[in-house]
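Mind looking at a prediction? Sequence and model below.
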Amino acid sequence: MLVNLAKQFFGDDKNFEKRNYPPGQHGVGKRRGKKSEYAIQLMEKQKAKYTYGILERQFSNLFKKASASKGITGEVLLQLCESRLDNVVFRLGIANSRRAGRQLVSHRHITVNGEIVNIPSYRLKAGDVVAVREKSKSLEAIENALAANSNVYEWLSWNADQKSGTFIKAPERLQIPENIKEQLIVELYSK
């Protein structure tokens, strides 16, 4: 309304035209340059955190555990992320996403070795049996997720009749399908 009034009194103004370049004094010519090494490392860490749904302090603690243990720190870090209960529930196909897996765990629908566990960050050890609680086996969300799941991982075994799976061992780096450059995360934390 105000623009139309201004046009009516003062005529067309070039300020009202839509520009086809980004705002700012220098427009197109001054785009941001190459990202710094730190920016690339930080983006990789953020990608890992968001992929696994882990907050900063938990991720930092996982890195400390990984760096204190034997083996390649970046690989161990990803193995620790993969051995979390909410992630294993997702990998077994009980949930459609890690976030849904986290919710199933915290709502007490999942058992580990026959005991109800409601801590999504619970770390599984080799041989642990993850199962859907007896009362929860008929949940529609679980049924739909199991029907849609077709992924098979070598470090997990699944028993469809009992709706339970076994965490055989922590996966090797080649077995983890996530596109994360863990070396950049290690470099970031070692600054």
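Great, that's in hand. Numbers count the residues shown, from 1 in each chain.

In three-state terms, label residue 45 for me.
helix (DSSP: H, G, I helix; E, B strand; the rest coil).

That one touches residue 183, doesn't it?
No - assessed by Cβ atoms under 8 Å, residue 45 is found out of contact with residue 183, at 11.5 Å. No exception for glycine: its C-beta is placed from N, CA and C like everyone else's.

and the two? which has more neighbours close in?
Comparing residue 45 with residue 183 by neighbour count (other Cβ atoms under 10 Å), the higher total belongs to residue 45, at 21 against 14.

the strands in this structure, which residues?
Along the chain, the stretches classed as strands by DSSP state E are 110-112, 115-116, 128-132, 156-159, 164-167.

domains of this protein?
36-83+177-191, 84-169 (automatic domain parsing).

can you put those in a markdown table and add mean pLDDT and distance to residue 20?
Below are these laid out as a markdown table (pLDDT from 0 to 100; distance: least, Cβ to Cβ, whole Å):
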| stretch | mean pLDDT | distance to residue 20 |
| --- | --- | --- |
| domain 36-83+177-191 | 93 | 28 |
| domain 84-169 | 92 | 39 |
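
how about the nearest residue to residue 76, chain neighbours excluded?
Excluding its sequence neighbours, the residue lying closest to residue 76 (Cβ to Cβ, 6 or more residues apart in numbering) is residue 66, at 4.1 Å.
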